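**Student:** Next one to model:
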Amino acid sequence: MRTHLYMLALSLPLTALVGCASESSGTLPPADGFHYPVSLSVLESAGGGPNVLYVVSSNFDWRYSHGSVIAVDLDKLDLDTPAPGGSTATRSIAAAVNPDTGHVFIDSFGGLMSAYQPAGALPASRTLFVPTRAEHRLFAIRAEGTSLSCFDAGEARDCSPQGIALANGDMTAEDPFATMLRGRELFVTHLRRPTIDDELRNSYLVKLDAEAPTNAPVFFDIGAAPAEGAVDTPRGVYLTGRAARDAAGDQSKALRVLVGSSVVDAGLTDETRVKETRGIGVSSDGARLFVSTRGSRSLHVTPTEGPDGLLVVDISADPSTGAARNEAVSFVPMPEGASRLLVLPRPGRKDLVAIACTDSDAVALYDDELGAIVNLVEGVAKPYDLAVASRAAGGQRLFVASFAGHTVDYIDIPDLGRPGDATLAGRLGATDSPPAASALCSEENP
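**Tutor:** The predicted structure follows:
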């Protein structure tokens, strides 16, 4: 079924871009607001430096000529003081973004970024890696605290000439989406099975050198089904999987793992009958995976077809073989649209996990100590990516990309031991009304 852009934008995690021609207006995106924000990263103060929130705006409706990355100086916003108008009011970021150096432009349809600290760099120095689907490229951005510039391009702000192609001969990553770091190794997943000369090809996990990202990438064949999320663990790099509907006999792989140079099925597909998996995180002790799922049913945990949910997987070493157990230990139903997730460690206790439930306008907090959802923070319009920072008053502040709200909302958790006290505290963005969709780009619904 074909869907128009508005419905497409509201279901971003459910879809993959398929050859939509650009209809951008030629207007540059604003430097003091977000437009379909999709990815977040936080730089916490080190050595007296600033606390910075990096935000990728995807320009999902082609309203502007580019997507963007914006650096927000959190120290200039005083988020510990309630915003005028309460938690539903939007706090302007205009005074917290340097108008000259606080933003760069990239391709549209940005994905999930990673922040890498280069060897020997100053504490506030990072390289931000952002995949984009409009031209199937990766962008490397220099971040010096609140100042951004294009990788190896001086003080340039338009990074579109520096996009890195994720291809090598017939090997290509179409619709690159998520990035993940393991030391200086940068891994990139993609959402759509490549087609070359009208022939369907296999999907790949791509590896680059974060210190030299323009060097030739390495491609790991992962079979027909593309991957979405990735996480590094003591047992290897695990990948979540999307269904390969165009691949007879090779459907969705719920969980795959890169061990050495081989990507293999982790063995959960038959056990759980998971339709698709999306977000993924590893427990603070490295022994368990938390995986958000779509249309899941575990033969050992829930007897019938279940809703979207959170699957907890034991990846500890089997003492008889030394290999990861890869056993589903629990399944917790989630509100519709369980997508990205973030693990919040709690010393002396099992982890708290935040899950963005995109289709339900809510963020769920799962307590692994109790094995249950302990809070559902509602009112975030199509939440997607998550990032966390410490609060001056104690506890944590969870930043949430509100894709449909064109804001970054923040949830205060005063005490991780009492997640039921978490509340939606405010929103960041432009204070004028969000723009309406401006294009009729459509794509295939899965």
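
**Student:** Tell me if I'm right that Ala216 and Ala167 touch.
**Tutor:** No. Between Ala216 and Ala167 there is no contact under Cβ atoms under 8 Å: 10.2 Å. Backbone N, C-alpha and C define where each C-beta goes, glycine included.

**Student:** ok, these two, which is more surrounded?
**Tutor:** Ala167 (18 against 9; other Cβ atoms under 10 Å).

**Student:** Confirm that Gly48 sits in a helix.
**Tutor:** No. Counting by DSSP: H, G, I helix; E, B strand; the rest coil, Gly48 is located in no helix; its state is coil.

**Student:** any idea how far it is from Asp73?
**Tutor:** 14 Å (Cβ to Cβ, to the nearest Å).

**Student:** got it, and Ile373?
**Tutor:** Taken as Cβ to Cβ, the span from Ile373 to Asp73 is 34 Å.

**Student:** where are the low-confidence patches of the stretch 201-350 of the chain?
**Tutor:** Applying pLDDT under 70 to the stretch 201-350 of the chain flags the ranges 243-252, 269-273, 296-307.

**Student:** can you give me the helices in the chain?
**Tutor:** For the chain, applying DSSP state H gives helices covering 5-10, 269-272.

**Student:** What about the residue lying closest to Asn375 once chain neighbours are set aside, how many residues nearby?
**Tutor:** Closest residue in space to Asn375, ignoring its immediate chain neighbours: Leu365 at 4.2 Å, by Cβ to Cβ, 6 or more residues apart in numbering. When neighbours are counted by other Cβ under 10 Å, Leu365 registers 22.

**Student:** Report the separation between Leu365 and Gly260.
**Tutor:** Counting by Cβ to Cβ, the gap from Leu365 to Gly260 is 36 Å.

**Student:** do the same with Gly371
**Tutor:** Noted for Gly371: a distance of 34 Å to Gly260, by Cβ to Cβ.

**Student:** what do you get for Met180?
**Tutor:** Here Met180 is placed at a distance of 17 Å from Gly260 (Cβ to Cβ).

**Student:** Please name the residues that touch the residue nearest in space to the middle of the chain.
**Tutor:** For the chain, Leu112 is the residue whose C-alpha lies nearest the centre (Cα atoms, centre = their mean; 4.0 Å). Leu112 makes contacts with Val38, Ser39, Pro131, Phe177, Ala178, Thr179, Arg340, Asp385, as judged by Cβ atoms under 8 Å, 6 or more residues apart in numbering.

**Student:** Who does Leu428 form a beta bridge with?
**Tutor:** Counting by DSSP bridges, Leu428 forms beta bridges with Arg91, Val408.

**Student:** neighbours around it, how many?
**Tutor:** Should you count by other Cβ under 10 Å, Leu428 turns out to have 25 residues around it.

**Student:** related to what we said a few turns ago, more neighbours, Gly371 and Gly260?
**Tutor:** More neighbours surround Gly371 than the other of Gly371 and Gly260, with 13 against 8 (other Cβ under 10 Å).

**Student:** Not including adjacent chain positions, what is the nearest residue to that one?
**Tutor:** Ser330 (5.8 Å).

**Student:** pretty sure that neighbour contacts Asp314?
**Tutor:** No. Counting by Cβ under 8 Å, Ser330 stays clear of Asp314, with 9.6 Å between them.

**Student:** Please report the separation between the first and final residues of stretch 68-83.
**Tutor:** 26 Å (Cα to Cα, to the nearest Å).

**Student:** So what's the gap between that stretch and the chain middle?
**Tutor:** How far stretch 68-83 lies from its chain's middle: 21 Å, per Cα atoms, centre = their mean, to the nearest Å.

**Student:** What of stretch 261-279?
**Tutor:** Using Cα atoms, centre = their mean, the offset of stretch 261-279 from its chain centre is 19 Å.

**Student:** same question, stretch 128-145
**Tutor:** Mean-position distance between stretch 128-145 and its chain equals 13 Å (Cα atoms, centre = their mean).

**Student:** Quick check: mean pLDDT of that stretch?
**Tutor:** Averaged over stretch 128-145, pLDDT sits at 97.
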